[in-house]
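Undergrad: can you look at this prediction? I've put the sequence above it.
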Amino acid sequence: MNLSEKYEFRSIRKDEADQATEIEQICFPPAETISRKDIIDRVEKIPELFFVAEDRETGKLAGYLTGLATDEEVFQDKFFTDADLSMPNGKNNMLLGLEVLPEHRGQGIARELMMRYLAREQERGRKKAILTCVDGKVGMYERMGFEYTGISASVLGNVKWNEMEYIFQCL
């Protein structure tokens, strides 16, 4: 069975904000978790930048990828907590979280979420996608086409974050 048969990939619905909050709490250590309020705010204000994989059998979210559009070139922690910073026509997309529940991992859902999200954002005219990640995830994102650009200025959770970017190809 391919992923599209088992999962529906789409923008989040507002009634799924609580599920997204639960996934955040499961997938990240407490110091790195974004607040329920901030996730709900993002779902309310920029659902088109919140992409999910819904398990067709259970109707529950298996994971998601969320971002924020901006003209900024460098990742900043304020993007995690202020959805109002998103610009509908921003040239860049700051990726704020790629999360898949443990019981759904190992099937390629994270990669599928990323590839579909990047394709959609390229169609919207974005120039690049920027993310931060811990050391152990650099290789995963490199395999998805991201390039390491250096240590991030992010201090979320008092962790060392790496900044990576994906340059969209001209259409």
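TA: Sure, I can see it.
Undergrad: kindly provide the distance from Tyr166 to Thr21.
TA: 27 Å (Cβ to Cβ, to the nearest Å). For every residue, glycine as well, the C-beta is placed using N, CA and C.
Undergrad: just Arg120 next, same as before
TA: 23 Å.
Undergrad: the more surrounded of the two?
TA: A count of neighbours by other Cβ atoms under 10 Å puts Thr21 above the other of Arg120 and Thr21, at 19 against 16.
Undergrad: I'd guess that one is in a helix, am I close?
TA: Yes. Counting by DSSP: H, G, I helix; E, B strand; the rest coil, Thr21 is found in a helix.
Undergrad: these two touch, right, it and Ile39?
TA: Yes. Thr21 is in contact with Ile39 according to Cβ atoms under 8 Å; the separation is 4.9 Å.
Undergrad: list the contacts of Lys14.
TA: Counting by Cβ atoms under 8 Å, 6 or more residues apart in numbering, Lys14 touches 43-44, 47.
Undergrad: can we see that at 6 Å?
TA: Val43 (Cβ atoms under 6 Å, 6 or more residues apart in numbering).
Undergrad: one more: the one 10 residues further on?
TA: Contacts of Glu24 were listed using Cβ under 6 Å, 6+ apart, and they are 33-34, 39.
Undergrad: so what's the backbone phi/psi at it?
TA: Note on Glu24: its backbone torsions stand at phi -60, psi -50 [degrees, to the nearest 10].
Undergrad: against Ala129, how distant is it?
TA: 20 Å.
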